[in-house]
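Q: Model the structure of this input:
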Amino acid sequence: MRTGKARYLAPAAVLVMLATACGGGGGEDDREEAQEQAAALPAEDLNPAPREELKEGGTFVWALSAYDEQHNMWHVQGNQANVRRVAAAVLPNPTRYDEEGVASPNTDFVLDYGVSEDGLEVSYELNPDAVWSDGEPVTAEDYRAQVETVSGKREGDWELGGTAGYDQITEFVPGEDEYSFTLRFDEPYAEWPSLFSPLYPKAYMEDDELFKEGYVKDYPVTAGPFGDVEFDDVAERISIRKNEDWWGTEPLLDEIIFDAMAIDAMAGAFNNGEIDGFYLGYDAAGYELLKDREGTYFTEAVNHGHRFASLNGASPNLEDVRVRHAVALGLDRDALAEVALGAIDWPITGEVNRLLRSSQYGYQDNSEGYGEYDPERAAELLDEAGWTLKDGDEFRTNEDGETLTLDWVASDDMAIAQDEAEIGRDMLAEIGVEVKVQQVPSNALFSEYVIPGNYEVATYVLVGSNPYAGDAKENYGMPNEDGEWGNNLARTSTEEIDQKFDEMRAETDPDRYAELANEIDRLLWEEVVTIPFFERPGLYVMDEDLHNWGEYGLASDYVYEDIGWAAE
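A: Have a look, this model is predicted:
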């Protein structure tokens, strides 16, 4: 079967066209102005500079919000944005995206790839120069091992976070040599460029113990522009150094140090010269501290993530969708957005979409009937669900006399998370729902609370690892055959949501793709899997002499070898 080698991008990538109009909500003049401001944001802001204007050498100290232990991103504990920052610098990734989300082969690892005319075969031609740090070449066998394991077909106790995309592969066909292969599908998989991001060596995909333990606070084998990864448990720092055996464009930096610290401490550390760059986001105090600081660069662009409240649908108190719906109507999302974004002068649009960013074709808000602040309707829903408010009582009880109480966990070092929990507690008290706020260590928020399901409400962010919407199936889809929810930390979904995701991932028409993405987003509202608040601001802070780093938007990652310091 002939393979169209030039067809690098999946048809869905057309979605990254800038949206020309947005719907609106209340406070029309202010909201329309905010929507215009948001529409004018660039797709990325990396404080760009050509390599020839940057010096060779130097260290970049990059602040992260957590010192994660599990660095196998396919493990349920490893699917973290902080982990990706390290893994992307030291492991293979066959695809790069430009600022509009258009995919092309990362020729350091894949010389060429393409999809057949019928969309049922994707062929890869690997770069024979690519080698692992143990001296072994990166071959088709590494890709085959990852397909078999992450698809869920390999026997063993793997603790996978998700199988999205890999479960669509029906056959792995070896090529003419060890540097070529073809993937076969029963139906088109429009998002195929997102596969193998990142790639791990076959030994760690063929043994379930190595899969689970091999990359815990360690990178025993690497293959990227950086390597020699060291974990410092005392300082909670991860350092990576330039790979002297790298076969691609030489990295400008000698070293990157990822310094884990409390989110609310980052601005002070930057002001004191302890770090060189960090994600500021909605840190109001940090913004106030740094906004007039000389030698400081602030990025302004569309971020590839959104902030939301996750509701644990496996909790007995939240298993009834009417209760989750009531919680959504009992939270004033506009007020919560104002708390987060107002102090950093970021446009508050009143719109958000779980699957599409505001810079993508087809973007729209789908929250009608679920995202508005409507405490009266919330009270009706709770009554219907059997949680009634007796005269003189502060909180609702059921027929067994049990109080409707929700445990809301919040990171103890992030002011916005604490504000959301405390404000949310007061809002939900107005509809008779008791909320107990538990502040937990940031390093434990996911590993000990959200991922194991030891919570009922938590607010955090999901950031896309590629421009496509289909990867989100693992965040919103049904459990696997063993009943494990994987990366769906809300632990609720429907078969219809699963089916719509499968239909969208096979769709090659951009109009229908966008339509399906919005249908899924609406179904997620109706199931109240999460309560989206707002699209995350693309607001990073860095030393003005640091270049090619910051907000990458739909490009979904950095070109690490191009990050560098201005020449003196």
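Q: Only C-alpha atoms from now on, for both contacts and neighbour counts.
A: Noted.
Q: buried residues in stretch 158-178?
A: Using 16 or more other C-alpha atoms under 10 Å as the test for burial, stretch 158-178 gives 158-169, 172, 174.
Q: where exactly do the helices run in the stretch 101-250 of the chain?
A: 140-150, 203-206, 208-213 (DSSP state H, counting those that start in this stretch).
Q: Could you dump those helices into CSV with distance to residue 238 added?
A: Shown next, in CSV, are the helices of the stretch 101-250 of the chain (distance: least, C-alpha to C-alpha, whole Å):
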stretch, distance to residue 238
helix 140-150, 25
helix 203-206, 21
helix 208-213, 18
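Q: Now mean neighbour count too, for those, in TSV please.
A: Shown next, in TSV, are these (neighbours: other C-alpha atoms under 10 Å):
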stretch	mean neighbour count
helix 140-150	21
helix 203-206	20
helix 208-213	18
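Q: which stretch among those helices comes nearest residue 324?
A: Residue 324 lies closest, by C-alpha to C-alpha, to one member of these: helix 140-150, at 31.9 Å.
Q: if we look at the closest one, which residues are touching it?
A: 74, 126, 154, 160, 162-163, 166-167, 169, 172, 174, 178-181, 196, 199-202, 205-206 (C-alpha atoms under 8 Å, 6 or more residues apart in numbering).
Q: what does the average pLDDT come to for it?
A: Mean pLDDT, helix 140-150: 98.
Q: what does stretch 260-276 give?
A: 97.
Q: Touching stretch 557-568 from outside, list them.
A: 51, 53-58, 60, 88-89, 225, 249-253, 465, 545-549, 552.
Q: Mind listing what's buried along that stretch?
A: Using 16+ other C-alpha under 10 Å as the test for burial, stretch 557-568 gives 557, 558, 560, 561, 562, 563, 564, 565, 566.
Q: now swap in stretch 472-484 and tell me
A: 472, 473, 474, 475, 476, 477, 478, 479.
Q: right, so of the helices of the stretch 101-250 of the chain, which gets closest to residue 500?
A: Shortest distance between residue 500 and the helices of the stretch 101-250 of the chain, using C-alpha to C-alpha, is found for helix 140-150: 21.4 Å.
Q: Output stretch 288-298 as CSV, restricted to C-alpha atoms.
A: This file holds the C-alpha atoms of stretch 288-298, laid out as CSV (Å, rounded to 0.1, in the frame of the first residue of the first chain):
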residue,chain,number,x,y,z
GLU,A,288,2.7,42.5,42.1
LEU,A,289,6.2,41.9,43.3
LEU,A,290,7.7,41.5,39.8
LYS,A,291,5.6,43.5,37.4
ASP,A,292,8.0,46.6,37.5
ARG,A,293,11.2,44.6,38.0
GLU,A,294,14.0,45.6,35.6
GLY,A,295,15.5,42.9,33.5
THR,A,296,12.3,40.8,33.6
TYR,A,297,10.4,39.4,30.7
PHE,A,298,6.7,38.4,31.0
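Q: Looking at this structure, which helix is longest?
A: Ranked by residue count, the top helix of the chain under DSSP state H comes out as helix 510-527.
Q: heading toward the C-terminus, what's the first helix or strand past that helix?
A: Next along the chain after helix 510-527, taking DSSP states H and E as the criterion, comes strand 530-538.
Q: how about residue 507, what does it touch?
A: Residue 507 sits next to 12, 188, 189, 190, 513 when contact means C-alpha under 8 Å, 6+ apart.
Q: correct me, but the fourth one touches residue 508?
A: Yes: contact status for residue 190 versus residue 508: in contact at 6.1 Å, counting by C-alpha atoms under 8 Å.
Q: Compare these two (neighbour count), which wins?
A: Set residue 190 next to residue 508 and count neighbours by other C-alpha atoms under 10 Å: residue 190 wins out with 25 against 18.
Q: ok, now how distant is the more buried one from residue 39?
A: 27 Å (C-alpha to C-alpha, to the nearest Å).
Q: show me where the stretch 301-450 of the chain has helices.
A: Counting by DSSP H, counting those that start in this stretch, the helices of the stretch 301-450 of the chain are 321-330, 333-341, 375-384, 415-429, 442-444.
Q: any chance of these in CSV, plus mean neighbour count, mean pLDDT and distance to residue 211?
A: Compiled in CSV, the helices of the stretch 301-450 of the chain are given as follows (neighbours: other C-alpha atoms under 10 Å; pLDDT from 0 to 100; distance: least, C-alpha to C-alpha, whole Å):
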stretch, mean neighbour count, mean pLDDT, distance to residue 211
helix 321-330, 25, 98, 36
helix 333-341, 19, 94, 38
helix 375-384, 19, 98, 44
helix 415-429, 20, 96, 33
helix 442-444, 18, 89, 22
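Q: of all those, which lies closest to residue 365?
A: helix 333-341 (13.3 Å).
Q: Find out how far stretch 557-568 is from the centre of the chain, if you would.
A: 23 Å (C-alpha atoms, centre = their mean, to the nearest Å).
Q: end-to-end on it?
A: First residue to last in stretch 557-568 (C-alpha to C-alpha) measures 27 Å.
Q: could you say what helices and strands the longest strand anywhere in the chain packs with?
A: In the chain, ranked by residue count with DSSP state E as the criterion, the top strand is strand 301-311. Here strand 301-311 touches strand 457-463, strand 530-538, going by 3 or more C-alpha pairs under 8 Å, 6 or more residues apart in numbering; DSSP states H and E.
Q: if we compare those, which one ends up closest to residue 70?
A: Going by C-alpha to C-alpha, the one of the helices and strands packed on strand 301-311 nearest residue 70 is strand 457-463, 18.0 Å.
Q: Can I get that closest one as PDB, trimmed to CA atoms?
A: Output of strand 457-463 as PDB, limited to C-alpha atoms (Å, rounded to 0.1, in the frame of the first residue of the first chain):
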ATOM      1  CA  VAL A 457     -13.300  18.000  45.300                       C
ATOM      2  CA  ALA A 458      -9.900  19.300  44.100                       C
ATOM      3  CA  THR A 459      -8.900  22.100  41.800                       C
ATOM      4  CA  TYR A 460      -6.000  21.800  39.400                       C
ATOM      5  CA  VAL A 461      -4.900  22.100  35.800                       C
ATOM      6  CA  LEU A 462      -4.700  19.800  32.700                       C
ATOM      7  CA  VAL A 463      -2.200  20.900  30.100                       C
END
